[in-house]
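> from the sequence below, what's the structure:
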Amino acid sequence: MSKKFYQSADVAVLGNGFTVELDGRPVRTPAGKPLVVPNNELARAQADEWQAQGENIDPNSMPVTGLVNTALDRTGTERPAMMRSVLRFAETDLLCYRAEAPQDLVDLQHGIWQPLLDWAGEIHGARLKVTSGILPIAQPAGAVGALEKALGIYDDLEFTAVSSLAAACGSLIIALALAHRHINALEAFEASEIDHDYQIRHWGLDPEIEARQRTLKSDISAAETILRALGT
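Numbers count the residues shown, from 1 in each chain. Below is the predicted model:
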């Protein structure tokens, strides 16, 4: 963390887009690029993160800004590699690996996860296989290809947000469902945390799980903010 060096953060027009200014000076990305986004709403979300900083600047408390920086600095040039990385979540999607026992957890997973898999099959033509246990299964190439096609429609900012969601949730299906507004941020969080929530209900809250869930909620919320600001 570095010491806060400004008093106010606000939004300003820059070229054909919008940027964040700190005491009237435009912010740049870590790579030195102008921090320009397409609309005022997304710039405002970032400005609010900068304004909320205390005595020191904590990048971990600015998830929207972090995703925009990634999109501007990396996604444009590294998208093929990022695409391969995010498609791995399709090949090992959380929703496809079900518990064998106890039965109430089995039923809970099926009740929440299967409708999302069915949605992916209907909307994207991506019909993923389901298994019990943790041993990996090969997903149909056609299903993975359909998900790659679904990702291809997004611009760099949208793609970065969806990629972040997939990594946070361990599920590309949950990420796409949120991007399509089929589910909201809370529903995405709950779907991705079924196993941990079950553990908490039966054995109590673990500090590590609690910290992880705070980060997960923040990551999901930041990605949703970007997608909604862009009209996705």
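> gap between stretch 66-75 and the chain center?
13 Å (C-alpha atoms, centre = their mean, to the nearest Å).
> between the two ends of that stretch, how far is it?
Terminal residues of stretch 66-75 lie 12 Å apart, using C-alpha to C-alpha, to the nearest Å.
> which positions in that stretch come out as buried?
Of the residues in stretch 66-75, those scored as buried under the neighbour-count criterion (16 or more other C-beta atoms under 10 Å) are 66-72, 74-75. In this view, the C-beta of every residue, glycine as well, is placed from N, C-alpha and C.
> out of these, who's nearest Asp118?
Taking C-beta to C-beta as the measure, Asp118 sits nearest to Leu67 out of the buried residues of stretch 66-75, at 29.1 Å.
> residues in contact with the nearest residue to Ser218 once chain neighbours are set aside?
Taking C-beta to C-beta, 6 or more residues apart in numbering as the measure, Ser218 lies nearest to Pro63, with 5.3 Å between them; neighbours along the chain are not counted. For Pro63, the contacting residues are 49, 218-219, 221-222, by C-beta atoms under 8 Å, 6 or more residues apart in numbering.
> which other helices and strands does the helix or strand harbouring Leu105 contact?
If you go by DSSP states H and E, Leu105 is part of helix 103-124. Here helix 103-124 touches strand 97-98, helix 141-151, helix 172-179, helix 185-192, helix 194-203, going by 3 or more C-beta pairs under 8 Å, 6 or more residues apart in numbering; DSSP states H and E.
> next, the residue nearest the centre of the chain: phi, psi?
Closest residue to the average C-alpha location of the chain: Leu165 at 2.0 Å, with C-alpha atoms, centre = their mean. According to degrees, to the nearest 10, the main-chain angles of Leu165 amount to phi -60, psi -50.
> please apply the same query to Ser8.
Backbone torsions of Ser8, given as degrees, to the nearest 10, read phi -140, psi 150.
> A strand includes Leu135, no?
No. Residue state for Leu135 (DSSP: H, G, I helix; E, B strand; the rest coil) corresponds to coil; a strand is not indicated.
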